[in-house]
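J.: following is a predicted model, sequence given first.
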Amino acid sequence: MKLTSRSRDNAKLELQMTSMIDCVFLLLIFFMVTSSFSLAERELDSAIKVRRAALSSAASDLQPAIVEVVRGSGGSFIYKVGGREMTDMDELTGVLRKFDNKLDGAIVRVDDNAPFAMAATAIQACKNAGYTLVSYVPLGMGR
């Protein structure tokens, strides 16, 4: 393509660049808006943090504390840790404070029919006992 032509008065033909610059900026804006700046799932940190330096060899062999809110033999709901059954938050907190594996976290398993206040009390007792990670797990009806 010949961009210059010689006419009778030797005037040069010029190409207008304004529309090309507009197209370039529109493409640039399009690619900036449609690009994805979020991290890929494989690059995200997991929610479970392992503190290997803080764990002693004896504490790493222990299981996390499991607190169950279940219906007791009398028909009312109780807190159950292992074989111990409790009805009071202070007693539950006292039992949980005796465990050495605070860094392993605690799991609060709650029956579906249990009152919300008992589930919240069990989670708060774990926090008061020094557990930084507390997980809530519903037991379901067909336990």
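T.: Thanks, I have it. Just so you know, these numbers come straight off a predicted model, no measurement behind them.

J.: got the phi/psi numbers for Lys80?
T.: phi -130, psi 120 (degrees, to the nearest 10).

J.: neighbours of it, how many?
T.: Residue neighbour count, defined by other C-beta atoms under 10 Å, stands at 18 for Lys80. All C-beta spots, glycine's among them, are computed from the backbone N, C-alpha and C.

J.: now stretch 75-83: buried residues?
T.: For stretch 75-83, the neighbour count (16 or more other C-beta atoms under 10 Å) marks 77-81 as buried.

J.: contact partners of the longest strand anywhere in the chain?
T.: Ranked by residue count and defined by DSSP state E, the top strand of the chain is strand 65-71. Applying C-beta atoms under 8 Å, 6 or more residues apart in numbering, the external contacts of strand 65-71 come out as 77-82, 92, 96, 99, 101, 104-111, 113-114, 118-119, 122, 125-126, 131, 139.

J.: take the residues you listed and keep only those in strands.
T.: Those of the contacts of strand 65-71 mapping onto strands are 77-81, 106-110, per DSSP E.

J.: against Phe25, how distant is Thr18?
T.: 11 Å (C-beta to C-beta, to the nearest Å).

J.: ignore what I typed, I meant Ser19.
T.: Separation of Ser19 from Phe25 (C-beta to C-beta): 11 Å.

J.: for Lys98, same thing?
T.: 68 Å.

J.: before we move on, back to that, of the buried residues of stretch 75-83, just say which sits nearest to Asp88.
T.: Tyr79 (8.2 Å; C-beta to C-beta).

J.: am I right that Ile78 is in contact with Met89?
T.: No - Ile78 is beyond contact range of Met89, at 11.9 Å (criterion: C-beta atoms under 8 Å).

J.: what sits in contact with each of those two?
T.: Joint contacts of Ile78 and Met89 (C-beta under 8 Å, 6+ apart) do not exist.
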